[in-house]
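1. here is my input; please provide its structure:
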Amino acid sequence: MAEQAGLSRQPAESVLRLRAVRKRYGEGTPVETEVLHGIDLDVAPGEFLAMVGPSGSGKSTLLNIIGLLDRPSDGEVWIDGRATRELPDTERSRLRGESLGFVFQFHHLLSAFSALDNVQLPRWAAMGRRDADVQARAQELLAAVGLADYTQRRPKELSGGQQQRVAICRALIHRPPLVLADEPTGNLDTETSAQAFSLLRRFNREFGCAFIIVTHDPDLAEGCDRVIELIDGHLVTDRAGHAPDQG
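-> Prediction:
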């Protein structure tokens with residue numbers, strides 16, 4: 001009954017917990033519309049989860065709420081054990097920077113910065129300065145994804161697949177407990193998409209970060225350990241995927 005008692009923390013076994021999450025737009029107007037209808041969800045540390053559903057099902061809205069980019073109209077979201085709905089914006093930003101990583105379809109790399117600098121940017125923003133340890137970690141990550149010789153190249157000098165690898169490194173620079181990936185392979189060809197997915201899976205296993213991957217690709221979804229499906233703002237399916245056993 002901790003949720004009802006208003007306690008700010010939840011058991012550590014859930015890196016993400018949603019309870020009765022609803023989202024309405026145009027509240028109090030004649031065009032008020034509810035797009036999420038009481039979503040309950042728990043994600044354990046290290047889970048590798050796909051979120052699927054048709055366009056307009058509420059996936060992007062839910063991902064924005066999980067990513068602390070929007071607030072639910074009702075219900076609560078706990079990130080790494082901390083209740084977030086009533087947190088002030090400054091605390092939400094701090095928690096987002098500490099506990100979440102983001103990978104997007106279109107990378108969102110800054111064109112004026114090198115690959116190495118782009119990877120470090122989240123930590124610079126959090127720390128307010130450059131840091132030698134962060135730079136070393138960024139170099140190690142880029143080397144791990146095959147970009148050791150590309151650290152000083154700017155995004156326009158990289159292929160789409162290389163840019164996505166940089167974006168994956170950026171999301172993981174602080175080893176967050178939860179990474180949100182929004183159509184991370186949607187702008188890539190089949191071969192490059194498979195490579196990017198393999199990297200996400202590799203870092204999931206090596207770092208123990210949980211992943212939520214929004215995708216329209218059924219093969220990618222089935223490669224995850226768990227698949228949830230949204231339809232018309234309802235979570236209608238929560239099942240195991242068909243990821244191969246890693247022994």
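2. Leu49 - nearest residue in space that isn't next to it in sequence?
-> Spatial nearest neighbour of Leu49, chain neighbours left out: Arg226 (4.5 Å); criterion: CB to CB, 6 or more residues apart in numbering. Any C-beta I mention is one placed from the backbone N, CA and C, and that applies to glycine too.
3. next one: phi and psi at that neighbour?
-> Backbone torsions of Arg226, given as degrees, to the nearest 10, read phi -150, psi 140.
4. what's the separation between it and Ala240?
-> To Ala240, Arg226 is 6 Å away according to CB to CB, to the nearest Å.
5. who has more neighbours, these two?
-> Arg226 (18 against 10; other CB atoms under 10 Å).
6. which ones are touching the more buried one?
-> Shown in contact with Arg226 (CB atoms under 8 Å, 6 or more residues apart in numbering): Glu47, Phe48, Leu49, Ala50, Asp238, Arg239, Ala240, Gly241.
7. I'd like the distance between the fifth one and Glu229.
-> Noted for Asp238: a distance of 8 Å to Glu229, by CB to CB.
8. who has more neighbours, the two?
-> Legend: neighbour count by other CB under 10 Å for Asp238 and Glu229, higher for Glu229 (18 against 13).
9. correct me if wrong: that one contacts Pro218.
-> No: if you go by CB atoms under 8 Å, Glu229 and Pro218 don't touch, sitting 11.0 Å apart.
10. what is in contact with these two at once?
-> Contacts common to Glu229 and Pro218, judged by CB under 8 Å, 6+ apart, are Val52.
11. for the protein, what spans make up the strands?
-> With DSSP state E, the ranges of strands along the chain come out as 16-25, 33-43, 48-52, 74-79, 82-83, 100-104, 178-182, 210-214, 226-231, 234-240.
12. tell me the contacts of the most centrally placed residue in the chain?
-> Centre of the chain computed as the mean C-alpha position; nearest residue by CA atoms, centre = their mean is Leu180, 0.8 Å away. Contacts for Leu180 (CB under 8 Å, 6+ apart) come out as Leu63, Ile66, Gly67, Leu100, Gly101, Phe102, Val103, Phe211, Ile212, Val214.
13. surely Arg154 meets Ala112?
-> Yes: look at Arg154 against Ala112 with CB under 8 Å: they come within range, at 7.4 Å.
14. of the two, who's got more company?
-> Shown here are Arg154 and Ala112; by other CB under 10 Å, Arg154 has more neighbours (15 against 9).
15. quick one: the more buried one and Arg17, what's the gap?
-> Remark: distance between Arg154 and Arg17 (CB to CB) = 40 Å.
16. same check, this time on Leu49
-> From Leu49 to Arg17 the distance is 13 Å (CB to CB).
17. next, count neighbours for Cys224.
-> Residues lying near Cys224 (other CB under 10 Å) number 26.
18. same question for Asp182.
-> By other CB under 10 Å, the residues close to Asp182 number 20.
19. let me see the contact set for it.
-> Counting by CB under 8 Å, 6+ apart, Asp182 makes contact with Ser60, Leu63, Phe102, Val103, Phe104, Gln105, Val214.
20. returning to what we had before: who wins for most neighbours among the contacts of Arg226?
-> Neighbour counts for these (other CB under 10 Å) peak at Ala50, which has 24 neighbours.
21. tell me which residues form a beta bridge with it?
-> For Ala50, the beta-bridge partners are Ile213, Val227 (DSSP bridges).
22. kindly state the pLDDT recorded for it?
-> Confidence at Ala50, expressed as pLDDT, is 95.
23. list the contacts for it?
-> Ala50 makes contact with Ile212, Ile213, Val214, Thr215, Leu220, Ala221, Glu222, Cys224, Arg226, Val227, Ile228, Gly241 under the criterion CB under 8 Å, 6+ apart.
24. pretty sure the third one is touching Ser57, no?
-> No: proximity of Val214 to Ser57 does not meet the contact threshold set by CB under 8 Å, at 10.4 Å.
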